[in-house]
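**Q** using only what follows, build the 3D model:
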Amino acid sequence: MSPQQPLQPQLLLTALLLLLSQLDASSFSAAAAGRATADAVTDILDNLLLSYDKSMRPQHSDADGIDGPPVSVRISINIRSMGPISDKDMTFSMDCYFRQLWRDARLNFNQNSSGFASFQLNEKFLHEIWRPDTHFLNGHASYLHNITSPNVLIRITSAGEILYSMRLTIKAHCPMDFHRYPMDTQHCPLHIGSHGYAGGDLTYSWRYARRSIETAANLMMSQFDLVKVSTSGSVRPVARLGNFSVLSVSFVLKRHVGYFLIQLYLPCALLVVLSWVSFWLNREATADRVALGITTVLTMAFLFMDSRADLPRVSYSTAIDWYVAICFTFVLSTLLQFAAVHYFTKAGTGELYLVLDGDGPQARLRTVESRDLICATQNGSRLRLEQMPRQSDLQQPASFAVGPIRHEPPPSTPESRQATDDAEPTVAQRRRRRCLRDLAGCLQGSVAYKAAFSASRQAEGGHNSVSAIDRVSRVGFPAAFALVNGWYWAFYLYFYWTD
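**A** As a prediction, this is how the structure comes out:
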């Protein structure tokens, strides 16, 4: 064994002790340096605030008592998020970092002697120095974030420049114009100014000119797109107080139309199309066509009320109001169209009754409509309506009894005998004689005209005849609705501008 081997543990222990002593010395020197830095900053602040009057603005007067130049406050805003934007309250909100920079010569310190070019302070320092009374002229309810501590940054440089940054949620008023709603573009301003200092004491300017407003790269809103941000500055006169410096930033917001297409435009258009189903229903189906028309009208009324639920009570009509009104007009016109069909071209209720065709064992039952029973004859005899069984009754499962059909001879008059002897006019003769009679009967709405019109339709095409008004409406209503839609979208998307 070598004689040097017992010495190795002693060498390792010695090296470890030397390393620990060096680490302890470095940590002690770092702590001492930190205490020295804190003491130096404290000494600088104590000297700066020794004769500092926070109630007076910087450069308020010189040695001769003459007011100095106004304090220039430079503003920049970093927007992290925007929303919600309320149409009903006409307000918009945003979360941002609001930064102000101004110079106070009373806070200058020597960089060479102190060894600091700038240092950062907590919010307690704000209570010891003067700061501008900046506020938002059109603000509603803005507040400073205090979780987990007040979100405030204060940095002071050796030249006396103070950077005051805070995280705010700003809620401001936005005067909105809803004439083109929901295809509108809103201009929401934010006005920044001093509460008590006029332009001779304090002026505002943008710190980086047009680049003073920064927005997050992932900024998104549910209802709007931020299209443009513009900045400006102005001087506003205030009665008996003077001219005040004001900065303005305008946010151009374009509304998303997709939500309204799904929730309002498409349902309204589909309701109009649904109302056209009545044109393919027989005019005898009175209950079906009336029920369909009333249902679509009531649904359109509900959609109209729902479209204005999120809007303020403005005194003018919006673009969506006009569209709902157009659809409501078409739906109501469908109901009125059936009223015209019913009034001018339909007689009776459309209920079918059973009558005997012929005498004796060869007699057969056939169906006639209630409007034609008064004209139904058998060997010159009129039929009693109250004893005629209805076809709908025959389809019921309940048992019933139908008595014999009673024949009442018509009153024997020369006119009736002459009418019986005359042959019925042919279809061609009916058509030739019908023109003037139809015009007069249509305008008068007489029952005789409607009965004659229905009888002629039965002779030509059977019982369930189609009205000429329905035939025209099947083409006219869709064509008119497509034309009005084309005009509507072209007008509001390309021609109507309020900017």
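**Q** C-alpha from now on. contacts and neighbour counts both.
**A** Noted.
**Q** in which helix or strand would I find the nearest residue in space to residue 237 that is not next to it in sequence?
**A** Nearest residue to residue 237 in three dimensions, chain neighbours excluded: residue 243, at 4.2 Å (CA to CA, 6 or more residues apart in numbering). Per DSSP states H and E, residue 243 falls inside strand 242-255.
**Q** which other helices and strands does that strand contact?
**A** strand 185-194, strand 202-206, strand 224-238 (3 or more CA pairs under 8 Å, 6 or more residues apart in numbering; DSSP states H and E).
**Q** count the residues that sit near residue 116.
**A** 15 (other CA atoms under 10 Å).
**Q** that's a helix at it, yeah?
**A** No - secondary structure of residue 116 (DSSP: H, G, I helix; E, B strand; the rest coil): coil, not part of a helix.
**Q** show me what contacts it?
**A** Contact partners of residue 116, counting by CA atoms under 8 Å, 6 or more residues apart in numbering, are residue 158.
**Q** per-residue pLDDT of it, please?
**A** Per-residue confidence (pLDDT) for residue 116: 74.
**Q** what about it, distance to residue 303?
**A** Here residue 116 is placed at a distance of 68 Å from residue 303 (CA to CA, to the nearest Å).
**Q** how about stretch 168-188: buried residues?
**A** 168-174, 176-188 (16 or more other CA atoms under 10 Å).
**Q** what comes into contact with it?
**A** Against stretch 168-188 from outside (CA under 8 Å, 6+ apart): 87, 90-98, 136, 138-145, 189-190, 250-257, 260, 316-320, 492-493, 496.
**Q** quick one: strands adjacent to the strand holding residue 243?
**A** strand 185-194 (antiparallel), strand 224-238 (antiparallel) (DSSP bridges).
**Q** what's the following helix or strand after it?
**A** As assigned by DSSP H and E, the chain's next helix or strand after strand 242-255 is helix 258-260.
**Q** got the contact list for that next one?
**A** Contacts for helix 258-260 (CA under 8 Å, 6+ apart): residue 182.
**Q** can you report how many residues lie near residue 291?
**A** 13.
**Q** may I see the buried residues of the helix or strand harbouring residue 477?
**A** Assigned by DSSP H and E, residue 477 falls within helix 468-490. The neighbour-count check on helix 468-490 (16+ other CA under 10 Å) flags 469, 470, 473, 477, 481, 485 as buried.
**Q** which other helices and strands does that helix contact?
**A** Against helix 468-490 (3+ CA pairs under 8 Å, 6+ apart) you get helix 319-345.
**Q** which strands or helices does the helix it packs on pack on?
**A** helix 266-275, helix 286-307, helix 447-461, helix 468-490.
**Q** can I get the ones you listed in TSV with distance to residue 131 and mean pLDDT?
**A** Listed next are the helices and strands packed on helix 319-345 as TSV, based on distance: least, CA to CA, whole Å; pLDDT from 0 to 100:
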stretch	distance to residue 131	mean pLDDT
helix 266-275	56	92
helix 286-307	48	84
helix 447-461	90	61
helix 468-490	53	92
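**Q** residue 159 is nearest to which of those?
**A** helix 286-307 (58.7 Å; CA to CA).
**Q** now that closest one - C-alpha only, PDB.
**A** Taking C-alpha atoms only, helix 286-307 is exported to PDB below (Å, rounded to 0.1, in the frame of the first residue of the first chain):
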ATOM      1  CA  THR A 286    -110.900  26.200 -46.400                       C
ATOM      2  CA  ALA A 287    -109.800  25.100 -43.000                       C
ATOM      3  CA  ASP A 288    -106.400  23.900 -44.100                       C
ATOM      4  CA  ARG A 289    -105.500  27.000 -46.000                       C
ATOM      5  CA  VAL A 290    -106.800  29.400 -43.300                       C
ATOM      6  CA  ALA A 291    -104.900  27.400 -40.600                       C
ATOM      7  CA  LEU A 292    -101.700  27.500 -42.600                       C
ATOM      8  CA  GLY A 293    -102.000  31.200 -43.300                       C
ATOM      9  CA  ILE A 294    -102.700  32.100 -39.700                       C
ATOM     10  CA  THR A 295     -99.900  29.900 -38.400                       C
ATOM     11  CA  THR A 296     -97.300  31.600 -40.600                       C
ATOM     12  CA  VAL A 297     -98.600  35.100 -39.800                       C
ATOM     13  CA  LEU A 298     -98.300  34.400 -36.100                       C
ATOM     14  CA  THR A 299     -94.800  32.900 -36.500                       C
ATOM     15  CA  MET A 300     -93.700  36.000 -38.500                       C
ATOM     16  CA  ALA A 301     -95.000  38.200 -35.700                       C
ATOM     17  CA  PHE A 302     -93.000  36.300 -33.100                       C
ATOM     18  CA  LEU A 303     -89.800  36.600 -35.300                       C
ATOM     19  CA  PHE A 304     -90.400  40.300 -35.700                       C
ATOM     20  CA  MET A 305     -90.500  40.800 -31.900                       C
ATOM     21  CA  ASP A 306     -87.500  38.600 -31.400                       C
ATOM     22  CA  SER A 307     -85.400  40.600 -33.900                       C
END
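**Q** against which helices or strands is that helix packed?
**A** Against helix 286-307 (3+ CA pairs under 8 Å, 6+ apart) you get helix 266-275, helix 319-345.
**Q** what's in contact with the first one?
**A** Looking back up the chat, that one is helix 266-275. Under the contact criterion CA under 8 Å, 6+ apart, helix 266-275 has outside partners 292, 293, 296, 300, 303, 324, 327, 328, 330, 331, 334, 478.
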